[in-house]
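[1] this one's structure only:
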């Protein structure tokens, strides 16, 4: 199992208490649920009405347990994404500081060379005729022609010396400026490193807390499913499948009004040499709104009519991404399915443990496709910049799906999954759970899918 990635210098510390109170998931006065005992179940089986009441109560308890586990998991995902965003910023700052320091070192070497050249010239001039170049030129000659030639030489020498001194000054100033920039970038990197360390500690604590809560919920659910099966004369697996089906149906009905669409990237007007992996993209309408008919084009002028000035026309609307690569999608989904049952681990990126964006990144990396960094938000932004967002109404197998607060397109994306068709997706859900296939949940679902392959 690969351990979670930590920024340099992270010190993991013990967080006193759990995040539950601080995050508002439970209150200090909340009492434990009143779970039925096996004797309660046996007593309820003696009366049909009591049996129905017990079944309803147990089903409600199971639903509540799963909702509680999901709520803790959602918080853990949000804190984990906050760390990934902070870590991306740290990586960028580190790269910038390194690049600036390298440029500053080169500039410093160049400035040193320029100063050495200027110093050598000054020394040479000082040695000429005891330092008096002008007197040597005036009296060390036989005729006027020689004097004029020497005067011309000293003029050129003066110009050359002036240029060397000016260049040395410019190189020194440039070196100092780059050195100052490198120092500023290094300081910024240190601040971002501290921020990433803090975000890591919070996310790791949330992950541990969520995993503990999910484990407790799963243990209670297992007992409740067995009790439910006993009441209904079935099996625990049958009852689990039944309630999973009800939950999936409820999820499909939980579609809220779609948020305002994002401002999508509009690539430059394509030419015949446009690269196949950079298709043009238009800003789609929201899934709940019908698309408007295209604006009719301007009629062509009659052959016998010569307009006084050209009629302005609009550039053609950029097209949506083309259908995805069948082989690329098949390979990415096959990779993800091989991880079914692997544990969710905060910041996990394989080979036996994953978080959500670690799984999606690795799945598409397996087919040679880059979808962004180890961050759900970055993967969304990468698809947006590349013009590969499509309305949910047009999503197909292989597309990426994101979740954010209220499905907002501008908020951080705390979760990402791969749509596999037939209303299902594969995901690394949250701490305490495993990589799984589930019906697409529409609560918090961002109204655009991402298409990694052209």
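    Done, it's in. Quick caveat, the model's predicted, so the values are computed rather than measured. Numbers count the residues shown, from 1 in each chain.

[2] surely residue 398 meets residue 333?
    Yes. Shown here, residue 398 and residue 333 form a contact pair, counting by C-beta atoms under 8 Å, at 6.4 Å. Glycine gets a C-beta too; all of them are placed from N, C-alpha and C.

[3] Compare neighbour counts for these two and give me the winner.
    Set residue 398 next to residue 333 and count neighbours by other C-beta atoms under 10 Å: residue 398 wins out with 28 against 19.

[4] Quickly list what's touching both of residue 398 and residue 333.
    418, 420 (C-beta atoms under 8 Å, 6 or more residues apart in numbering).

[5] What helix or strand is the residue most central in space within the chain located in?
    The centroid of the chain falls nearest to residue 378 when counting by C-alpha atoms, centre = their mean (1.8 Å). Using DSSP states H and E, the element containing residue 378 is helix 376-385.

[6] buried residues in that helix?
    Across helix 376-385, burial judged by 16 or more other C-beta atoms under 10 Å covers 376-384.

[7] continuing past the helix or strand of the chain with the lowest mean pLDDT, what's the next helix or strand?
    Least confident helix or strand, the chain: helix 19-23 with a mean of 44, by mean pLDDT, DSSP states H and E. Next helix or strand after helix 19-23 toward the C-terminus (DSSP H and E): helix 38-44.

[8] At which residues are the strands of the stretch 351-454 of the chain located?
    Applying DSSP state E, counting those that start in this stretch to the stretch 351-454 of the chain gives strands spanning 353-354, 389-391, 400-403, 415-421, 424-427, 436-439, 448-450.

[9] before we move on, back to that, so the helix holding residue 378 versus strand 415-421, what angle?
    Going by axes from the mean of the first three to the mean of the last three C-alpha atoms, to 10 degrees, helix 376-385 is angled at 60 degrees with respect to strand 415-421.

[10] so how far is helix 376-385 from its chain's centroid?
    6 Å (C-alpha atoms, centre = their mean, to the nearest Å).

[11] average model confidence for that helix?
    Taken as a whole, helix 376-385 has a mean pLDDT of 97.

[12] can you list the residues that contact that helix?
    Counting by C-beta under 8 Å, 6+ apart, 81, 84-85, 88, 262, 264-265, 356-357, 360-361, 370-373, 389, 400, 402-403, 412-416, 446, 450-452 sit against helix 376-385.

[13] Now the longest helix anywhere in the chain: average pLDDT?
    In the chain, with assignment by DSSP state H, the single longest helix is helix 144-232. Mean pLDDT, helix 144-232: 85.

[14] need the contact list for residue 343.
    1, 352-354, 434.

[15] Now it: phi and psi?
    phi -70, psi 150 (degrees, to the nearest 10).

[16] partner residues bridging it?
    Following DSSP bridges, residue 343 is listed with bridge partners residue 353, residue 434.

[17] From residue 360, how far out is it?
    Going from residue 343 to residue 360 by C-beta to C-beta, to the nearest Å gives 17 Å.

[18] what's around residue 35, how many residues?
    Neighbours of residue 35 using other C-beta under 10 Å come to 14.

[19] contacting residues for it?
    61, 220, 223-224.
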